[in-house]
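[1] Just need the structure, nothing else, for what follows:
(one chain, ligands or ions: 1)
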Amino acid sequence: MSAPRFDRPLRVVQWTTGNIGRRSAHAILSRPDLELVGVYAHGADKVGRDAAELCGWPEPTGVRATDDLAALLALEPDACCYNPLWPDVDTLVRLLENGVNVCTSAAWITGGKQSPADRARIEDACARGGSSIFGSGAHPGMTNLVGMVLSGSCEHVDEVRITESVDCSTYESAGTQIAMGFSQDPATPGLAESVRRESEVFAESAAMMADAMGARLDRMTFDVTFTAATGDSDLGFMTIPEGTVAGVMGYHRGWVGERNVVSVGFNWTMGSHVDPPKPLAHGHVIQVFGRPNMRTVVQCLPPKDWAEPGYMGLGMIYTALPVTNAVPYVVAAEPGIVTLADLPPITGRIRA
Ligand SMILES: NC(=O)c1ccc[n+]([C@@H]2O[C@H](COP(=O)([O-])OP(=O)(O)OC[C@H]3O[C@@H](n4cnc5c(N)ncnc54)[C@H](OP(=O)(O)O)[C@@H]3O)[C@@H](O)[C@H]2O)c1
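    Got it, this is the predicted structure:
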């Protein structure tokens with residue numbers, strides 16, 4: 001099945017322009033089949049500013065950021081690329097019930113971690129608005145898709161295990177990092193449970209893979225190891241003092257009886273003073289154990305014309321684009337919650 005085609009550019013709102021949202025806005029502006037019609041700004045300092053300034057586009061777009069949801073709905077967008085730091089169910093409901101298809105990187109793969117009441121509100125909003133919601137990203141997102149595709153080479157599958165194995169020091173989202181335990185006292189009561197809760201979207205992605213491969217999970221578990229910093233690190237946007245969490249390695253695991261059939265997790269470090277339990281692979285390690293075993297490491301590498309020092313900007317493109325590239329597919333989808341297991345493979349576009 002090829003990408004759906006429309007007889008006009010799809011009208012898209014970009015929701016926030018942080019690390020990921022700014023790459024999404026840039027991508028929308030670069031595509032002839034998408035039109036950036038609005039930008040939502042959470043920060044008061046961004047309201048009224050041109051989208052070009054907020055996402056590093058070379059010429060003014062005439063689209064100014066607003067914090068007025070009603071004004072954005074009045075633009076009658078086909079879709080919203082929704083990339084806030086923290087998602088908000090009330091906002092999602094407003095978008096969906098007004099017919100705006102939502103593509104998001106913000107803690108959504110299947111909606112499985114939502115309360116039954118919130119999930120029902122989302123499904124009801126989709127039904128009333130004739131709209132869909134879809135979540136992806138790099139990890140979770142692209143990694144799960146690659147894992148599911150690799151499993152297609154196997155006579156049988158025992159376990160799919162996906163590990164994000166990276167140094168996160170240049171990922172400037174202090175809110176996200178602190179939520180994942182970094183810079184906290186490793187002995188903080190409830191820290192493991194808090195990291196489980198904050199990273200629960202990985203459990204959604206594990207369940208999605210299991211479902212796609214025909215398994216009915218009995219339960220999900222979470223295990224995590226914290227490693228303390230052996231010295232102080234000042235990362236500019238946050239500090240990791242000696243003795244606080246500088247390494248987090250954990251897995252959300254899905255089980256059929258006593259068999260761990262899907263595992264989605266992370267081996268993350270921050271700062272230069274930490275020895276993680278396992279050496280970093282500097283990429284996404286995707287392993288399928290079965291007959292045969294399959295393994296790949298997805299690495300995001302700079303093209304020749306990449307001028308920015310460090311690779312984090314590329315990592316943000318890698319995270320944003322599985323969501324932004326999904327817009328035509330999600331607009332074409334039947335109303336409701338759609339996942340990576342429901343849609344045809346989402347491709348990028350050949351440069352015009
Ligand atoms: N699946 C994946 O691979 C993956 C990877 C990384 C991150 N993510 C998720 O993607 C989302 C965006 O990540 P990011 O790195 O772009 O985040 P970010 O830059 O830290 O924040 C995104 C934007 O959220 C807005 N914001 C700030 N504080 C907020 C608050 N208290 N409530 C609501 N919005 C707030 C700001 O909007 P303004 O710019 O308008 O002020 C900010 O720029 C997060 O939900 C993150 O967990 C997914």
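
[2] Mind checking what secondary structure I286 has?
    Classification of I286 by DSSP: H, G, I helix; E, B strand; the rest coil places it in strand.

[3] right, I mislabeled it, should have said G250
    Here G250 is strand, with the state taken from three-state DSSP.

[4] mind listing what it touches?
    Counting by C-beta atoms under 8 Å, 6 or more residues apart in numbering, G250 touches V195, R196, S199, F222, D223, V224, T225, G265, F266. For glycine as for every other residue, the C-beta is placed from the backbone atoms N, C-alpha and C.

[5] Are any of those buried, and if so which?
    Buried by 16 or more other C-beta atoms under 10 Å: V195, R196, S199, F222, V224, G265, F266, out of the contacts of G250.

[6] Ignoring the adjacent residues along the chain, who's closest to the third one?
    Yep, that's S199 we're talking about. Leaving aside its sequence neighbours, S199 sits nearest to M180 (C-beta to C-beta, 6 or more residues apart in numbering; 6.5 Å).

[7] And P328, by the same measure?
    Excluding its sequence neighbours, the residue lying closest to P328 (C-beta to C-beta, 6+ apart) is P4, at 4.9 Å.

[8] count of neighbours near the one you found?
    14 (other C-beta atoms under 10 Å).

[9] Count the neighbours of the closest residue to L280 other than its chain neighbours for me.
    Leaving aside its sequence neighbours, L280 sits nearest to S165 (C-beta to C-beta, 6+ apart; 5.1 Å). Number of residues near S165 (other C-beta under 10 Å) recorded here: 20.

[10] How about the secondary structure of S165?
    Assigned state for S165: strand (three-state reduction, three-state DSSP).

[11] Show me the shaky parts of this protein.
    The chain contains residues with pLDDT under 70 at 1.

[12] For it, just list every one of the helices.
    Ranges of helices in the chain, per DSSP state H, are 19-30, 51-55, 69-73, 89-97, 116-129, 143-151, 174-179, 191-198, 200-212, 312-324, 327-332.

[13] ok, L340 - contacts?
    Contacts of L340 (C-beta under 8 Å, 6+ apart): I109, S136, G141, N144, L145, M148, M208.

[14] actually H42, sorry about that
    Contacts for H42 (C-beta under 8 Å, 6+ apart) come out as T16, D67, P84, L85.

[15] The residues you listed also near the ligand: which ones?
    T16, P84, L85 (C-beta under 6 Å from any ligand atom).

[16] re the thing from before, between the helices of the chain, which gets nearest to the ligand?
    helix 19-30 (3.5 Å; C-beta to the nearest ligand atom).

[17] Next to the ligand, which bits of the stretch 1-150 of the chain? Give me the list.
    Contact residues, the stretch 1-150 of the chain versus the ligand (C-beta under 6 Å from any ligand atom): 16-21, 41-43, 46, 83-86, 105-107, 137-141.

[18] Would you mind checking these for buried ones?
    Using 16+ other C-beta under 10 Å as the burial test, those include 16-21, 41-42, 46, 83-85, 105-107, 137-141 as buried.

[19] Which positions in stretch 61-74 come out as buried?
    Under the neighbour-count criterion of 16+ other C-beta under 10 Å, stretch 61-74 has T61, V63, R64, A65, T66, L69, L72, L73 buried.

[20] again, but for stretch 259-266
    Those buried within stretch 259-266 under the rule 16+ other C-beta under 10 Å are N260, V261, V262, S263, V264, G265, F266.

[21] ok so, going back, I'd say the residue nearest to S199 and E198 touch.
    Yes - M180 lies in contact with E198 (C-beta atoms under 8 Å); the separation is 6.1 Å.

[22] More neighbours: which of these two?
    Taking neighbours as other C-beta under 10 Å, M180 and E198 compare with M180 leading, 22 against 14.

[23] show me the contacts for that one.
    V195, E198, S199, V248, W268.

[24] and A25, what is it in contact with?
    Going by C-beta under 8 Å, 6+ apart, A25 touches Q14, T17, L36, V39, A51, L54, C55, W57, C81.

[25] what's the spacing between the third one and the ligand?
    Distance, L36 to the ligand, by C-beta to the nearest ligand atom, to the nearest Å: 15 Å.

[26] Just confirm that residue contacts H26, I think it does.
    No - L36 is not in contact with H26 according to C-beta under 8 Å; the separation is 9.6 Å.
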